[in-house]
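Novice: The sequence and its predicted three-dimensional model are supplied below.
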Amino acid sequence: MTLFYSHPPGRAGSLSSPAISLKRTLFSRVPATRIAVDLDAVARNTRVLHQACTPNTSLMAVVKANAYGHGAVHVAQTVLSHGANFLGVARMSEAVQLREAGIQAPVLVFGDTLPDLAVQAAGLDIRVTLTGIDAAKTLNDAAGAARTSVTAHIKIDTGMGRLGLCPGLDMSKTLTDLTSMMQMDNLAIEGIYTHFANADAVDNTHAKQQLALFTQVLDRLDADSLLPQVIHAANSAATLTLPRSHFTMVRPGIALYGLCPGPGVNCTDLTPALSLISTISQVKQVPKGFAISYGSTHVTDRPTAIATVPVGYADGYSRLLSAKAHMLVKGQRARVTGRVCMDFTMIDVGHIPDAAVGDEVVVLGTRGNETVSADELADLMGTINYEVVAGLTSRLPVYYRRQPIDAPGHTPDPEKHPHHGNIPKNNRESSKRASHP
């Protein structure tokens, strides 16, 4: 197994810094608190999702928000070697970081993009999202002034209530705007897409309603020979549960990282890729009645041992976990005691008599038969697993684990998984037929 340290985008260090072998790091030892990412798990999850796709469906890997805290560059390189051939990000800066790292796969920016930035992106072969006719006109004018063309995907709001044209409010205007956007001289409309609001729910009625509305739009465009080459709707949940939404490309995010998108999805084949590891800094033997942390909200009810762990809310370990969460020491659960501090958290290790300074602490992850999962922490915080991993902050160094590659990485069949949106017409038609409820 190869273990290496890197400065991924969004974390401390130069964007262009190459991965550095542990033997060459300036650390005298591994940092006390760090993120560990298993790239083999990311590769396995990518293959699982790819296998869940309907035939001839491409896969866009969503690597926004620094790949949900996992490191966008290394994750992108991994998924592109194991079945993905398109990347999705939220902001232009994230797309530029991928290009600066030497990644040449197609990249789509989901969020609104300022016209000047979009025109600059054209030179980097970055796709942008169009969410309305006015934005499209402004971008078209900017591209014309720069004597270039911008490749774009059009967003359809079928029930998310966030960005995009709204056929549910006015189908006629939506179709008129779509036609106008596709006829603009300086915009190359490569794709069209929507986003599900509730595909992860046990009851997928709303997702099916969104799918039906999206399909109505596609049918009308197809009748006028205006259907774009790339059609995508399926997020992680829909990729695994709603094959009629796969169209020509799926767009998983959270599932790539081995985390389940919601209660309506079977995620048993996914492997969590991220762990948060720390180390005991100090152990105190304390008597009954000893107060712990800010506010003295915890007072020991017996003689015990308190270990201090150098991780806190400035690292993304939420203060909401105070006196609720557990960490793992020697494969045993140790409860968080008192309030989580900015830089430290205390845990009760009185039941682990050999716990000592320097012992590994698993803040998030698995050791032996015990696991502290992102879902467990999310439940305690009253949030979702997405926030647990994406909220880990940039001061945490990231270490990657990867088995040496003995065989060439998987390269998608260009006829089945074309780059740059060149999806065969027969695939568009077969996917469209399969999409009808």
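Specialist: Nice, thanks for sending it over.
Novice: and this structure, what are its domains?
Specialist: 40-256+409-435, 274-402 (automatic domain parsing).
Novice: Columns mean neighbour count and mean pLDDT on top of these, output as CSV?
Specialist: Placement of C-beta: from N, CA and C, glycine included. Listed next are those as CSV, based on neighbours: other C-beta atoms under 10 Å; pLDDT from 0 to 100:
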stretch, mean neighbour count, mean pLDDT
domain 40-256+409-435, 20, 89
domain 274-402, 18, 97
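Novice: nearest to residue 33, of those?
Specialist: With distances scored as C-beta to C-beta, the stretch of the domains of the chain nearest to residue 33 is domain 274-402 (4.2 Å).
Novice: Just the endpoints, please. Distance across the closest one?
Specialist: Using C-alpha to C-alpha, to the nearest Å, the end-to-end distance of domain 274-402 comes to 13 Å.
Novice: now do stretch 327-335
Specialist: End-to-end distance for stretch 327-335: 6 Å, by C-alpha to C-alpha.
Novice: Likewise for stretch 146-160?
Specialist: Terminal-residue distance, stretch 146-160 (C-alpha to C-alpha): 34 Å.
Novice: any idea how far the residue most central in space within the chain lies from residue 257?
Specialist: Centroid-nearest residue in the chain, with C-alpha atoms, centre = their mean: residue 68, separated by 3.9 Å. Using C-beta to C-beta, to the nearest Å, we find residue 68 at a distance of 5 Å from residue 257.
Novice: Now do the shared contacts for those two.
Specialist: Residues touching both residue 68 and residue 257 (C-beta atoms under 8 Å, 6 or more residues apart in numbering): residue 389.
Novice: so what's residue 142 up against?
Specialist: 115-116, 118-119.
Novice: so who does the closest residue to the residue nearest to the centre of the chain other than its chain neighbours touch?
Specialist: Spatial nearest neighbour of residue 68, chain neighbours left out: residue 390 (4.9 Å); criterion: C-beta to C-beta, 6 or more residues apart in numbering. If you count contacts by C-beta under 8 Å, 6+ apart, residue 390 has them with 65-66, 68-69.
Novice: can you check residue 345 too?
Specialist: Applying C-beta under 8 Å, 6+ apart, the residues near residue 345 are 308-309, 311-312, 317, 321, 327, 336.
Novice: Quick check: the farthest pair among the residues you listed?
Specialist: 308 and 321 (15.5 Å).
Novice: helices or strands up against the host helix or strand of residue 278?
Specialist: Taking DSSP states H and E as the criterion, residue 278 maps to strand 274-279. Contact here means 3 or more C-beta pairs under 8 Å, 6 or more residues apart in numbering; DSSP states H and E; on that basis strand 274-279 packs against strand 34-38, strand 360-367.
Novice: Wait, residue 144 touches residue 186, no?
Specialist: Yes - counting by C-beta atoms under 8 Å, residue 144 touches residue 186, with 4.6 Å between them.
Novice: Not counting residues beside it along the chain, what's closest to residue 227?
Specialist: residue 221 (4.6 Å).
Novice: Could you report the distance from the one you found to residue 228?
Specialist: Noted for residue 221: a distance of 8 Å to residue 228, by C-beta to C-beta.
Novice: again, but for residue 130
Specialist: Using C-beta to C-beta, residue 130 is found at 11 Å from residue 228.
Novice: any common contacting residues for those two?
Specialist: 153-154, 189.
Novice: Now tabulate those residues in a markdown table and tack on secondary structure and distance to residue 84.
Specialist: Formatted as a markdown table, these follow (DSSP: H, G, I helix; E, B strand; the rest coil; distance: C-beta to C-beta, whole Å):
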| residue | secondary structure | distance to residue 84 |
| --- | --- | --- |
| 153 | strand | 17 |
| 154 | strand | 22 |
| 189 | strand | 23 |
